[in-house]
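Peer 1: Sequence and predicted structure are below.
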Amino acid sequence: MDRVFLDANVLLSAAWRPRVGLLRLWTLPNAALITADHAIEEARRNLDAPVQHSRLTRLLRKLEVVGFLHFTLPRGVNLPAKDRPILLAAIDAGATHRLTGDWQHFGLTTAKRSAGS
């Protein structure tokens, strides 16, 4: 089974509108969706409407929420401090995939294998 880590901007986008294509992630049969408290809080901060907050709450019921135990990034990965907890949580959760729209900070690590490094 794939373990798909969802970054804050993926959660935000999924909660933003009622019929966004990202919602198909929640119907994948062989995928466990995971995220971190850090990502959830960032998504919540960026949602405006109560209906969006409610939508996020419903989506979160179907996710595994993880923390992180490691405090150092894999060799060769350099991220701003605010983004480190996201990658570390994905690694600690054993994510096989990490979905993010943050190409500025994560774009260079997208093609790299980070889990278990």
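Peer 2: That came through, no problem.
Peer 1: all strands of this structure, in order?
Peer 2: 2-6, 31-36, 64-66, 97-99 (DSSP state E).
Peer 1: Grab the longest helix from the protein for me.
Peer 2: helix 50-60 (DSSP state H).
Peer 1: Could you find the closest non-adjacent residue to K62?
Peer 2: W26 (5.7 Å; C-beta to C-beta, 6 or more residues apart in numbering). Just so you know, the C-beta spots here come from the backbone N, C-alpha and C atoms, and that holds for glycine as well.
Peer 1: isn't the one you found right next to L60, touching?
Peer 2: No. Look at W26 against L60 with C-beta atoms under 8 Å: they stay out of range, at 10.6 Å.
Peer 1: okay, and for this structure, where does confidence drop off?
Peer 2: Per-residue confidence for the chain (pLDDT under 70) gives these ranges: 70, 102-117.
Peer 1: if we go to 80?
Peer 2: 67-72, 74, 77-83, 101-117 (pLDDT under 80).
Peer 1: residue ranges for the helices of it, please.
Peer 2: 8-16, 37-45, 50-60, 84-92, 103-106.
Peer 1: And these: which comes nearest F68?
Peer 2: helix 84-92 (3.9 Å; C-beta to C-beta).
Peer 1: what is the orientation angle of the closest one with strand 31-36?
Peer 2: Angle, helix 84-92 to strand 31-36, by axes from the mean of the first three to the mean of the last three C-alpha atoms, to 10 degrees: 140 degrees.
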